[in-house]
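Peer 1: Got a predicted model here, sequence first, then my questions.
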Amino acid sequence: MEKSNLRYNWVDRAKGFAILLVVMGHIYFFSFEQSSSIVSRFISSFHMPLFMFLSGYVVSRAVESPFWCMDDLLKRILRLLLPMFVFGVLFTFSYSHVESLSDVWEIICGFINSPAKNGYWYLMSLSVFYVSLQLFRINMNRLVVIYVLIAILVFISFFVGWKFFAQTKDPFCLLNCGNFYLFFICGVFSRKYGFLDIIKRNNWIYSVALIGYLVLFNVSTTNVFVESFLIHMIIPLCAVVVVVCILYERENCNSFIERRLSYIGSHTLDIYVLHYFIVSNVKLSLLDDWLEKNGNVFLSVLITLFLSVIITFVSIYIGKILHKSKFIEVVTFGRIDK
């Protein structure tokens, strides 16, 4: 088959790109010990919103008929929550001091009630989003305005739930659900209503998003509400539009990098749950201090990218070893059937 006839899924590439950014961001957080580098700020400004948008785009068929049956929904949630709990608890134990069985129980309870789940919150939030999509069954006539109204009510409910029920314990990651639901539901609606094709036909939207990101990323304000709105909503939304448009435009392209991104994108769960064990044990704070002191931003990017690629493929390889065991697939990834 000629290259011109090859068609690769841009979503897999985008997922590969997003998970690489996640690994890079965690290298700056763990290995560089919460680096204040501008590169770290750049990555953290949109990498999880992008991941959430793609997750919504992939699962968008859930708002169409026929809806998921309960068994299908439970299987999907199990394949998120089981890896979150197993690997999240193991990761927590990897740096915790245990002296008795009571410590074990306390660590497990602390993990469950933690709003961030030591980094594994994404899988809980995605599970909550999957469940919330079942509310779209109410819209029997599939009216757009009803879909939007339901989405707004769900969005508000996350913050209300967090405010009144999750201030001390947040087992369902309601705060993160509220922070990232906008991007997830934008992904859902983008596929359902063909928003990406609309943006592709109206290049001014891409231009506004690109300029908006570059300008707002460098803007600071003393108004807490405005700053929070920009950081959590507008800036990442602009970045998501830019990245998605670029990758969507190259749907039929077939470069070496794009093939590698597609490969990485098909193993995002393995990379996500396993990379924490690696990045948390790579200590490079002295290197980051030297790079920041000398203003070597480009060198910092290259080193971090190089490390993230290595860690990504090591995580994929470890995942393949684990998947060879049917027992491990069941008890850690919830894959009862193929």
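Peer 2: Cool, the structure landed. Since the model is a prediction, treat every value here as computed from it, not as a measurement.

Peer 1: Between the two ends of stretch 190-205, what distance do you get?
Peer 2: 14 Å (Cα to Cα, to the nearest Å).

Peer 1: Now find how far off-centre it is within its chain.
Peer 2: 22 Å (Cα atoms, centre = their mean, to the nearest Å).

Peer 1: residues in contact with that stretch?
Peer 2: Identification of contacts with stretch 190-205 by Cβ atoms under 8 Å, 6 or more residues apart in numbering yields 53, 56-57, 60-61, 63-64, 144, 186, 189, 206, 241, 244-245, 248-249. Every residue, glycine included, has its C-beta placed from N, CA and C.

Peer 1: How many residues are close by residue 264?
Peer 2: 24 (other Cβ atoms under 10 Å).

Peer 1: any idea which helix or strand carries it?
Peer 2: helix 256-265 (DSSP states H and E).

Peer 1: Do me a favour and average the pLDDT over that helix.
Peer 2: Across helix 256-265, pLDDT averages out at 92.

Peer 1: and if you look at stretch 71-80?
Peer 2: pLDDT averaged over stretch 71-80 gives 84.

Peer 1: Now do the buried residues in that stretch.
Peer 2: Within stretch 71-80, the residues that qualify as buried are 73, 76-77, 79-80, counting by 16 or more other Cβ atoms under 10 Å.

Peer 1: so how far is residue 19 from residue 120?
Peer 2: According to Cβ to Cβ, to the nearest Å, residue 120 and residue 19 sit 14 Å apart.

Peer 1: how far is the helix or strand of the chain with the lowest mean pLDDT from where the chain is centred?
Peer 2: Within the chain, no helix or strand scores below helix 285-293, which has a mean of 73 by mean pLDDT, DSSP states H and E. Its chain's average C-alpha position is 27 Å from that of helix 285-293, according to Cα atoms, centre = their mean.

Peer 1: Stretch 37-49 now?
Peer 2: Counting by Cα atoms, centre = their mean, stretch 37-49 comes out at 12 Å from the chain centroid.

Peer 1: Can you name the residues in contact with it?
Peer 2: Under Cβ under 8 Å, 6+ apart, the answer for stretch 37-49 is 18, 21-22, 24-25, 28-29, 32, 122, 180, 183, 217, 231, 235-237, 239-240, 243, 288, 291-292, 297, 300-301, 304.

Peer 1: And for the closest residue to residue 28 other than its chain neighbours, the neighbour number?
Peer 2: Take residue 28 and drop its neighbours on the chain: the residue closest to it by Cβ to Cβ, 6 or more residues apart in numbering is residue 40, 3.9 Å away. Each residue near residue 40 was counted by other Cβ under 10 Å, and the total is 21.

Peer 1: Residue 40: helix or strand, and which one exactly?
Peer 2: Using DSSP H and E, residue 40 falls in helix 38-44.

Peer 1: in that helix, what counts as buried?
Peer 2: 39-40, 42-44.

Peer 1: would CSV of those residues with distance to residue 128 be doable?
Peer 2: As requested, the buried residues of helix 38-44 are exported to CSV (distance: Cβ to Cβ, whole Å):
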residue, distance to residue 128
39, 31
40, 28
42, 28
43, 25
44, 22
